[in-house]
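Q: After the sequence you'll find the predicted model.
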Amino acid sequence: MATQHRGTIVSENFLREFTFLLFYRQKTIVVTTLVVFTLSVLAAIFLPPTYVSSSKYAISLTQQLDPLKKDLVYDTKNQLLRVLQSQKEIVLSATVLQQTARKLFPNASEAEIPTLADDLKKRITVTPPKGEDFEGSNVFYLNASGKTPQAAFSLAQILSANYLDAYASMSQSRSGYSYSFYNTQVDKLNQEMQTKSRKLREFEVKHASNLVDILSLEVGAGKTNVEIGPKALLTESLRNRQRLTEQYEAQSKIIEILEAEAAKNTIPVVMADMEGTGKALTAYRNKVTQIQLQISEMKTQFTSGYEPLQQLQKELQLATALLRNEFNSILKAKKIELDSLTAQINAIDAVIGQLEKTLTATAQERSTYDALKQDYVLARDAYADARSKMEQARLAASINQEKQDIAPVDAPELPLKPSKPNRPLLAVLGLFAGLFLGLALALTVDYFDHTLKTPEAVEQYLRLPCLGSVGRIS
C-alpha cells in the first residue's frame, strides 16, 4: 500500500513539473513551432509542382508454343514475378530510354543522348498497383513525371510506345532465333540420320547371306523357338555326335569281349548279334554242335580207337578251325566298324568346329547390326522430335505469341493536378514537427539549466524553509 502511494506521489510530481516546464518554456516552444510551421508553409507554397502521367499494362501467362521458352515449372506466382521484373528491366533499358530521349529532344546531338537518357531514368518508375511489390500481381504501371502536365504526358506517351516496340522486336527476334535454332538442328540431325541409315543399308547388303541367321538369333516378343541355319545344323551335329559316341563305346566294349574269347583255346562264345539265318558263323557253330553230339554218343558205345570216332574228331577240329576263322573275320569287321565310327566322329567334330566359328562370327555381326540399327533409330527419333519443335517455333514466330502476352489496359492521360507536393499535408506535418521540436528543445534547455525555479526546489536543495517568493520581473 505504501509503495502504491509513493508511486502516485511520483506521478503527480512528474505531471506538475512537466506542466510547469510547459508554462516556463512556453516562449521557446511557441517560437520553435512558429518557425518550423512557417518554413513548411513556405515550402508548400514555393516548391515546384510535379505531375505524373501513368499507363497500365496487364500480363497473361499463356501456354508457350515455342519449345525454347516452355516453362516446365508450375509455380505460376514466381513465374509471374519474373515476367514483371523483366518488363521493368526493358522499360529502364538504355535502348528504350535513348530512343525516348531522341524523340523528346530532336535537336540534341548523339553525344548528349546518353546524358539525357540518364536524366529521364530518374523521372520514370515502374510500379505495381497501390505501390506494393510485384508478388501476387499481374499488372504494372509505367509512371512518367514532369514539371508540367504536358511534359509528363509527352514522356509517358513516347516511353509507352517505345517500350511496346522494343518488347515486340525482342519477342519477334527470340521467336525467330528459336525457329533458326531448330532449323539448324533439323538439318544437322537429318544428315546424321542419313549417314547412319546408309551405314545400316551397306551392312545389310554386305551381309545379306547371313542376315537370316543374324535375325534368327534375336530373342523377344513374337519370336518362335524354331532354330534355322547354322544354329540348327550345330544342334543336329551335336545330337549325331552323341549318338555316334554311344555307338563307339558299345562297339569298343563288344570288341574287347570278342578279343578275350578269341584268345581262349576253347570254342569261342558266339554272341546273339553274330548269329542269324544265312550267316556262315551260325552254320559252323551248328556243325560243331552236331559233331560234338555224335562224338559224345559214340564214346558211350565205342572205344577211342574206333575209326569212325576218330574220323568225327578230325571233322570236329576242322569245323572248329573254320568257326574260329569266321569268328576272327567278324571281329576284324567289327574293328573296321569301330574305325568307321571314329572317322565319323572326327568328321562331325570338324563340322561342329566350323559351325561354332560361323555362329561366333554371326553373333559378332549381329552385335554390329544391332548397334547400327539402334544408332539409326535414335537418330531418326531425334530428327522427328527436332522437326516437331521446329514447327512449333515456326507457329509461335508467325503469330508473335509473346506480343499477345502484354496487353495495354490504360493509355497515358494528361494529368489534371500535380501528384506532389501535397501542400495541406506538408503544412500540417510542419505544425506537428514544430510542436515536437519545440518540446524537445524545451526539455533539452531545461535539462542543462541548473537554476532553482520553485519554492519546492529551494527547500529540497538548500534545506531551508521558504518564507515567500517574488514574481518574475519582466
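A: It's in.
Q: isn't Gln247 right up against Ser340?
A: No - Gln247 is not in contact with Ser340 according to Cβ atoms under 8 Å; the separation is 9.9 Å. To be clear about C-beta, it is placed using only N, CA and C from the backbone, and glycine gets the same treatment.
Q: continuing past the lowest-mean-pLDDT helix or strand in the chain, what's the next helix or strand?
A: Least confident element among the helices and strands of the chain, by mean pLDDT, DSSP states H and E: helix 401-405 (a mean of 51). Later in the chain than helix 401-405, the nearest helix or strand by DSSP states H and E is strand 406-410.
Q: At which residues are the helices of this protein located?
A: For the chain, applying DSSP state H gives helices covering 2-24, 26-46, 76-91, 94-104, 113-122, 149-206, 208-216, 230-262, 280-299, 307-399, 401-405, 423-448, 455-462.
Q: pLDDT score for the residue lying closest to His207 once chain neighbours are set aside?
A: Excluding the flanking residues, the one nearest His207 by Cβ to Cβ, 6 or more residues apart in numbering is Glu365, at 5.7 Å. On pLDDT, Glu365 comes in at 80.
Q: Likewise for Ala321?
A: Reported pLDDT for Ala321: 83.
Q: next one: Thr360
A: 82.
Q: Distance check, it against Ser237.
A: Noted for Thr360: a distance of 15 Å to Ser237, by Cβ to Cβ, to the nearest Å.
Q: Neighbour count: these two, which is higher?
A: Ranked by neighbour count (other Cβ atoms under 10 Å), Thr360 and Ser237 place Ser237 first, with 21 against 10.
Q: So that one is in contact with Gly353, correct?
A: No - using Cβ under 8 Å, Ser237 is not in contact with Gly353; the gap is 9.9 Å.
Q: still on that earlier bit, looking at the helices of the chain, spot the one closest to Ala58.
A: The minimum distance between Ala58 and these falls on helix 401-405, with 9.4 Å, by Cβ to Cβ.
Q: so which of the helices of the chain is the most packed in?
A: Of all the helices of the chain, helix 94-104 has the most neighbours on average by mean count of other Cβ atoms under 10 Å, namely a mean of 19.
Q: My read is that Ala151 contacts Ser53, right?
A: No - Ala151 lies out of contact with Ser53 (Cβ under 8 Å); the separation is 9.0 Å.
Q: which residues touch Leu322?
A: Residues in contact with Leu322 (Cβ atoms under 8 Å, 6 or more residues apart in numbering) are Tyr284, Lys287.
Q: measure it to Lys314 for me?
A: Distance of Leu322 to Lys314, given as Cβ to Cβ: 13 Å.
Q: Leaving out sequence neighbours, find the closest residue to Pro408.
A: Tyr57 (5.7 Å).
Q: beta partners for the one you found?
A: Counting by DSSP bridges, Tyr57 forms beta bridges with Phe140, Pro408.
Q: From Gln157, how far off is it?
A: 14 Å.
Q: about what we covered before: quick one, which of the helices of the chain gets closest to Lys417.
A: In terms of Cβ to Cβ, the element of these nearest to Lys417 is helix 149-206, at 8.7 Å.
Q: And the average pLDDT for the closest one is what?
A: 84.
Q: go on, stretch 375-391?
A: Mean per-residue pLDDT for stretch 375-391: 88.
Q: Stretch 103-114 too?
A: pLDDT averaged over stretch 103-114 gives 89.
Q: before we move on, back to that, how about the helices of the chain in CSV, adding distance to Glu413?
A: Formatted as CSV, the helices of the chain follow (distance: least, Cβ to Cβ, whole Å):
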stretch, distance to Glu413
helix 2-24, 51
helix 26-46, 26
helix 76-91, 18
helix 94-104, 18
helix 113-122, 19
helix 149-206, 7
helix 208-216, 78
helix 230-262, 88
helix 280-299, 133
helix 307-399, 31
helix 401-405, 24
helix 423-448, 23
helix 455-462, 66
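Q: Which one, of these, ends up nearest to Ala411?
A: Of these, nearest to Ala411 by Cβ to Cβ is helix 149-206, at 7.4 Å.
Q: low pLDDT regions in the stretch 301-450 of the chain?
A: Along the stretch 301-450 of the chain, segments meeting pLDDT under 70 span 396-405, 449-450.
Q: Same question for the stretch 1-150 of the chain.
A: For the stretch 1-150 of the chain, residues meeting the criterion pLDDT under 70 lie at 1-14, 20, 60-80, 129-137.
Q: picking up where we left off before, distance-wise, check the residue nearest to His207 relative to Ala108.
A: Glu365 sits 78 Å away from Ala108, going by Cβ to Cβ.
Q: swap in Glu202?
A: Distance, Glu202 to Ala108, by Cβ to Cβ: 69 Å.
Q: and what of Gln292?
A: 148 Å.
Q: Would you enumerate the residues in contact with Tyr248?
A: Going by Cβ under 8 Å, 6+ apart, Tyr248 touches Leu338, Leu341, Thr342, Ile345.
Q: Can you add distance to Phe140 and give these back as a markdown table?
A: Shown next, in a markdown table, are the contacts of Tyr248 (distance: Cβ to Cβ, whole Å):
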| residue | distance to Phe140 |
| --- | --- |
| Leu338 | 104 |
| Leu341 | 99 |
| Thr342 | 99 |
| Ile345 | 93 |
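Q: my read: Leu47 touches Pro421, true?
A: Yes - using Cβ under 8 Å, Leu47 is in contact with Pro421, at 4.7 Å.
Q: So between those two, which is more surrounded?
A: Higher neighbour count among Leu47 and Pro421: Pro421, with 16 against 13, using other Cβ under 10 Å.
Q: Show the contacting residues for the more buried one.
A: Applying Cβ under 8 Å, 6+ apart to Pro421 gives the contacts Ala43, Ala44, Leu47, Pro49, Thr50.
Q: Please repeat the previous calculation with a cut-off of 7 Å.
A: By Cβ atoms under 7 Å, 6 or more residues apart in numbering, the contact set of Pro421 is Ala44, Leu47.
Q: quick one, phi/psi of it?
A: Pro421 adopts backbone torsions of phi -80, psi 160, taken as degrees, to the nearest 10.
Q: now it: how far from Val428?
A: 12 Å.
Q: Which neighbours do those two have in common?
A: Among the neighbours of Pro421, none is also in contact with Val428 (Cβ under 7 Å, 6+ apart).
Q: Next, count neighbours for Ser419.
A: Using other Cβ under 10 Å, the number of residues around Ser419 comes to 15.
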